[in-house]
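# sequence first, predicted model second:
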Amino acid sequence: MSDRSEQAFTTVKQNVCVIPDLTIKDLLSAIPAHCFKRSALRSSLYIVYDLVMISGIYKTATYLDTLISPEYVSLPHPLLYPAARLSLWAGYSFWTGLFATGLWVIAHECGHQAFSESKLINNSVGWVLHSALGVPYHSWRITHAKHHASTAHMTQDQVFVPKTRSQLGLPAFDPTKEDILGSSVSDEVMRELKEALGDSPIGATIGAATYLLGGWPAYLIRNASGQKRYPKGTNHFNPDAVMFAPHQRDSIILSDIGIVLWLAGVAGSIYTYGFWTVFRLYLVPYIWVNHWLVLITFLQHTDPILPHYRASEFTFPRGALSTLNRNLLGDCGSIMGWIGAHATHGISETHVLHHVSSKIPHYNAWEASDALRKRLEQAGIKLEGAPGGWREVYRVFKECKFVEDEGNILFYKNSSGLAATRPASTDGSASDSGVELDKI
């Protein structure tokens with residue numbers, strides 16, 4: 001065994017994360033009582049608003065399409081007309097997908113019973129909206145509730161569960177060559193890890209793009225990025241899947257019926273209107289919706305500064321506070337940041353509040369989130385991440401590769417085996433209620 005002094009090491013200065021010990025009462029008491037009120041009428045108006053916006057985008061695109069011809073505009077080359085038309089409908093799909101994500105968010109609120117005071121109304125509206133977007137409503141509602149109950153729990157959380165060193169088949173941890181907390185790693189181990197994990201910009205770009213475009217259906221169909229202890233073949237369409245209880249069987253079947261009707265509707269539309277029309281008007285915006293869903297949720301729950309817990313250190317408040325608020329599209333400027341937040345009903349901007357109390361409707365979440373933020377700041381906790389966008393997905397995808405098999409409070413390590421953050425107490429115990437999130 002090599003002596004440590006004879007090896008070349010890379011050492012980094014880490015953020016220090018003091019694990020919070022706030023109670024759920026501490027958190028909920030900071031939120032004004034009226035924020036918990038739910039209104040079926042008010043929630044329904046947001047559905048109408050989203051549909052009006054989508055209809056307006058379609059009408060605008062259809063009208064502008066008629067103007068792309070030599071009769072109305074003179075372009076220097078004939079090929080510029082189809083290019084202009086392609087650009088127009090690409091813009092249509094982007095904006096339609098963004099506002100359709102708002103409908104997705106409302107259906108998601110139905111699953112949390114935040115749409116109204118009536119469970120029947122919530123589940124009926126949620127089933128219709130999510131089925132129309134290709135989502136098995138009850139199946140996902142059930143696993144998503146488990147996610148909220150066990151956010152950042154290594155063996156109970158349902159999605160965005162970090163892979164461990166052994167699960168990735170990486171070289172075993174060697175305490176003579178690296179620090180368990182990821183502050184120091186020998187050059188030899190760094191080379192081994194980089195060879196095993198890859199660290200090229202092209203690889204990270206392709207991996208992030210694949211994740212954004214295919215991550216959502218892959219999660220539903222084969223539990224990709226889901227809980228690792230579930231058996232192979234686990235999916236959201238099997239009523240007998242391990243994550244569902246026997247009494248939930250009828251709800252899963254009802255969700256499957258919704259998906260069958262959705263597929264039939266898509267197939268029928270293709271038969272009636274042609275594939276390219278359906279592809280242009282519905283399927284491409286549908287892909288955008290899935291993309292936004294993965295981008296938003298991935299960045300809410302994945303970052304080098306966020307802790308993950310094993311059972312002995314997990315509590316519900318710790319899990320709820322192991323998330324980040326981010327301004328969707330904020331990296332594209334303040335106007336795009338406002339549009340991103342507005343179109344998706346603040347799901348990214350008020351996410352910490354959503355994990356503290358998921359029954360608060362989105363139109364009250366802004367005020368509730370501001371109140372909670374003030375309470376957290378009193379405890380030294382700041383959970384505001386960088387703006388949500390493709391650049392941030394790329395950064396996080398490169399920095400968050402694996403966690404260790406040892407330890408009860410875990411932070412992601414990168415492809416060099418270095419971690420940006422460590423818990424304040426090296427023995428893994430919690431001793432304070434603040435979290436310092438300044439990045440190195």
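Everything's here; your move. Because the structure is predicted, anything quoted here is derived from the model rather than measured.
# now Lys59: how far from His138?
34 Å (Cβ to Cβ, to the nearest Å). Any C-beta I mention is one placed from the backbone N, CA and C, and that applies to glycine too.
# more neighbours, those two?
Regarding Lys59 and His138, a neighbour count based on other Cβ atoms under 10 Å identifies His138 as having more, with 23 against 10.
# need the contact list for the residue positioned nearest the centre of the chain.
Closest residue to the average C-alpha location of the chain: Thr297 at 0.8 Å, with Cα atoms, centre = their mean. Neighbouring residues of Thr297 by Cβ atoms under 8 Å, 6 or more residues apart in numbering: Val159, Phe160.
# against Ser184, how distant is it?
33 Å.
# please apply the same query to Leu193.
In this view, Leu193 and Ser184 are 14 Å apart by Cβ to Cβ.
# one step back: let me know the pLDDT of the residue nearest to the centre of the chain.
Looking at Thr297, its pLDDT is 97.
# which SSE is it in?
Thr297 belongs to helix 284-301 when assigned by DSSP states H and E.
# ok, Leu193 and Ser184, which is more surrounded?
Neighbour totals were compared for Leu193 and Ser184, and Leu193 leads with 25 against 16 (other Cβ under 10 Å).
# if you count neighbours, what's buried in the helix or strand containing that one?
Using DSSP H and E, Leu193 falls within helix 187-197. Using 16 or more other Cβ atoms under 10 Å as the test for burial, helix 187-197 gives Glu188, Val189, Met190, Glu192, Leu193, Lys194, Leu197.
# so how far is stretch 195-206 from its chain's centroid?
Stretch 195-206 sits 22 Å away from the centroid of its parent chain (Cα atoms, centre = their mean, to the nearest Å).
# check what pLDDT Tyr219 gets.
Note on Tyr219: pLDDT of 96.
# what is the burial count for it?
Applying other Cβ under 10 Å, I find that Tyr219 has 22 neighbouring residues.
# in contact with Gly111, which residues?
Contacts of Gly111 by Cβ under 8 Å, 6+ apart are Asn122, Gly126, His130, Tyr137, Trp140, Arg141, His144, Ala145.
# just His108 next, same as before
Residues near His108 by Cβ under 8 Å, 6+ apart: Gly126, His130, His144, Ile347.
# buried set for the helix or strand where the second one lies?
I take that to be His130. Following DSSP H and E, one finds His130 within helix 119-132. For helix 119-132, a neighbour-count test (16+ other Cβ under 10 Å) marks Ile121, Asn122, Asn123, Val125, Gly126, Trp127, Leu129, His130, Ser131, Ala132 as buried.
# of those residues, which is the nearest to Leu41?
Ile121 (10.7 Å; Cβ to Cβ).
# if I look at the closest one, how far off is Trp127?
From Ile121 to Trp127 the distance is 11 Å (Cβ to Cβ).
# ok, now Gly134?
13 Å.
# repeat for Met336
Look at Met336 and Trp127: by Cβ to Cβ, they are 32 Å apart.
# equivalent analysis for Tyr72, please.
To Trp127, Tyr72 is 44 Å away according to Cβ to Cβ.
# need the contact list for the residue lying closest to Ile24 once chain neighbours are set aside.
Closest residue to Ile24 apart from its sequence neighbours, by Cβ to Cβ, 6 or more residues apart in numbering: Pro317 at 5.4 Å. Taking Cβ under 8 Å, 6+ apart, we find Pro317 in contact with Pro20, Leu22, Thr23, Ile24, Asp26, Leu27, Val356.
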